[in-house]
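Trainee: heads up, no residue letters with this:
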């Protein structure tokens, strides 16, 4: 049998899909190009916005993501990754729609946080309002004996503006929004968080050199995928 093929149901947003591919590349021990993993990518930026759907303001993204997973399966994917935190609010429905295993980025993050920090620790969550209201990370962390702290209502509004605003991260403006996101992370650390979870893939794009511990679920997703294909990932350090 050949090596497993990784499928990526992406485009939510496109930059996060590219970042996941970069993480997979970096986590793969390779001496030549043939040692790298076969990726099948369906990047569909036309997928309806997940937060708008959760807030009752837009159509469900499930049909589009389900169709993406179907295309990946037809192309030979042996496991599927969804590089969008908020899309995991629909994880059960999506995973049930296919025979191909779909990795759960949020569960991977909660498990890794418990192993890294131990029971009872507090983690800060920087996520879309949809992810926060759906309690995706809060519930997952509680299952692993951890607690979550989120920004104040004003801070959450600032975060959504940094992500979705006309000059936001989704519009390609990374540098100008980095200080806002890092400032919100610093506030969560000041409220007792041991580390901050980049619980929106756009947040992870601007939290480099944050000055506080950061857990990036997208990186964890990439490393688990490489582990399932190759046996063990290479850490970027």
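Mentor: Received it, and whenever you're ready, just let me know what you need. Small disclaimer: the values here were computed from a predicted structure and weren't measured. Numbers count the residues shown, from 1 in each chain.

Trainee: quick check: domain ranges of the chain?
Mentor: 6-104+218-230, 106-217 (automatic domain parsing).

Trainee: rounded to a whole number, what's the mean pLDDT of the first one?
Mentor: Averaged across domain 6-104+218-230, pLDDT comes to 96.

Trainee: can you give me how far it is from the chain middle?
Mentor: 9 Å (Cα atoms, centre = their mean, to the nearest Å).

Trainee: Would you mind measuring the gap between the ends of it?
Mentor: Terminal residues of domain 6-104+218-230 lie 11 Å apart, using Cα to Cα, to the nearest Å.

Trainee: cool, stretch 42-59 as well?
Mentor: Using Cα to Cα, first and last residues of stretch 42-59 are 20 Å apart.

Trainee: Show me which residues of that stretch are buried.
Mentor: 42-44, 47, 49-54 (16 or more other Cβ atoms under 10 Å). In short, each C-beta sits where N, CA and C put it, glycine included.

Trainee: Tell me where the protein has helices.
Mentor: Taking DSSP state H to define them, one finds helices in the chain at 14-27, 50-54, 62-74, 91-95, 105-117, 129-133, 136-143, 153-164, 178-190, 201-204, 217-230.

Trainee: Contacts for the shortest one next, please.
Mentor: Translated: helix 201-204. 12-13, 15-16, 19-20, 83-85, 126-127, 159, 163, 168-170, 181, 198, 214, 216-219 (Cβ atoms under 8 Å, 6 or more residues apart in numbering).

Trainee: buried residues in stretch 167-182?
Mentor: For stretch 167-182, using 16+ other Cβ under 10 Å, the buried residues are 168-170, 177-178, 180-182.

Trainee: Residue 8: which of the helices of the chain is closest?
Mentor: helix 14-27 (6.2 Å; Cβ to Cβ).

Trainee: on contacts alone, who are the packing partners of that closest one?
Mentor: Contact partners of helix 14-27 among helices and strands, from 3 or more Cβ pairs under 8 Å, 6 or more residues apart in numbering; DSSP states H and E: strand 6-10, strand 39-43, helix 201-204, helix 217-230.
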